[in-house]
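Chemist: sequence and predicted structure, then a few things I'm wondering about:
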Amino acid sequence: MHPDRTMTMRDAIAEFVTDGATVALEGFTHLIPTAAGHEIIRQGRRDLTLVRMTADIVTDQLIAGGCVRKLVSSFVGNSTAGSLGELRRRIETGQPEPLEFEEYSHYGMICRYLAGAQRLPFYPLRSYGGSDVPSVNPAIRKVTSPYPGPDGEPEQVYVVPPVNPDVTIVHAQRADRAGNTQIWGLTGIQAEAVYAARRAIVVVEEVVDDEVIRSDPNRTAIPAHAVDAVVECPRGAHPAFVQGYYDRDGDFYRSWSHISKDPERLQRWLDEWVRGTADHAEYLAKLGEQHWAGLAVGAAWSRPVNYGRRLRQAEKGMSR
């Protein structure tokens, strides 16, 4: 009998996200765990270290919600649609209070997750050669390789430290009740971020029967043994998209720069749309079905795959 790890969003955040924790929110372009970020704001978590490769709107919202003390990230921005007002204020002016920022390249962050997932003390990479990123981040260091380089001499190599979040939260298309999680479309570092963490919450568009997962095992990016909670939260990535479920809300992305550049307007938005809603279902109800009709996607089915299996004796008899 497989364990049932399904929980409500409220209960999962209450149990696994604590004040002062290091929290990773991962998902690249789509599958962004926005609804989970909103629930962290509702529950008033404080002094978090937020780890996110592509710090974007949900990052800006969590900072404005007073949840984040430190940000660890690479790319920072409003996904080609503008700026992140609260994040910029905190870093550029220290208002309303400073934000500690630890910067890496995209690949540097990937290497940190790889080191964390493999419980390595560091991870080597070459891509910082010629970059000025190490000058702003003392955690990026050099070590001497134990092996000779092309010229026969010991080589100096940049390394980054592992990251081991207290909890990683990812969004995905579907999972079974035990936590076997399937992702398709653009994939990122979700699996490594889950393996690097002490605890993991998977938020999905739908919880499906075991048979659905077993019918297409190659889509299972995250296995159940790495998952602590499964949260069913349809449309939980908005304004990001989820491949096969709904499109990116471009209008929202474009509006965010105007909302976030005004601190008072930003707090009013949080009061109305996040703190003022009981849960993500109420947030969706405020948006309305007409809004979602504009984000609908057409069908683009993958062809079935024959995985094949050994026939049992009874089945062999039936096939004659």
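Modeler: Alright, I've got the coordinates.

Chemist: how about Pro134, secondary structure?
Modeler: Secondary structure, DSSP: H, G, I helix; E, B strand; the rest coil: Pro134 is helix.

Chemist: would you mind measuring from it to Val159?
Modeler: 11 Å (Cβ to Cβ, to the nearest Å). (Glycine included, C-beta is placed from N, CA and C.)

Chemist: next one: Val194
Modeler: Look at Val194 and Val159: by Cβ to Cβ, they are 23 Å apart.

Chemist: compare the two (neighbour count), which wins?
Modeler: Between Val194 and Val159, Val194 has the larger neighbour count (other Cβ atoms under 10 Å), namely 29 against 19.

Chemist: now for the helix or strand harbouring the more buried one, which elements pack on it?
Modeler: According to DSSP states H and E, Val194 maps onto helix 190-196. If contacts are counted by 3 or more Cβ pairs under 8 Å, 6 or more residues apart in numbering; DSSP states H and E, helix 190-196 sits against strand 22-26, helix 106-118, strand 167-175, strand 220-222.

Chemist: what's the offset of it from the middle of its chain?
Modeler: Centroid displacement of helix 190-196 relative to its chain, using Cα atoms, centre = their mean, to the nearest Å, is 10 Å.

Chemist: residues making contact with the helix or strand just after it?
Modeler: Once helix 190-196 ends, the next helix or strand along the chain (criterion: DSSP H and E) is strand 199-207. Strand 199-207 has contacts (Cβ atoms under 8 Å, 6 or more residues apart in numbering) with 6, 9, 12-13, 16, 33, 35-36, 166-177, 179, 181, 194, 222, 226-236, 242, 245.

Chemist: would you mark the buried spots in strand 199-207?
Modeler: Buried positions in strand 199-207, judged by neighbour count with 16 or more other Cβ atoms under 10 Å: 199-205, 207.

Chemist: pretty sure Ala191 contacts Val227?
Modeler: No - contact criterion Cβ atoms under 8 Å: Ala191 and Val227 do not qualify, at 10.9 Å.

Chemist: what sits in contact with each of Pro134 and Val159?
Modeler: Common contact partners of Pro134 and Val159 (Cβ under 8 Å, 6+ apart): 140-141.

Chemist: how much space separates Gly250 from Gly149?
Modeler: From Gly250 to Gly149 the distance is 48 Å (Cβ to Cβ).

Chemist: which one's more surrounded, those two?
Modeler: Taking neighbours as other Cβ under 10 Å, Gly250 and Gly149 compare with Gly250 leading, 15 against 11.

Chemist: for the closest residue to that one other than its chain neighbours, grab phi and psi.
Modeler: Among residues not flanking Gly250 along the chain, Ala81 sits closest, at 7.1 Å (Cβ to Cβ, 6 or more residues apart in numbering). The phi/psi pair for Ala81 (degrees, to the nearest 10) reads phi -110, psi 10.
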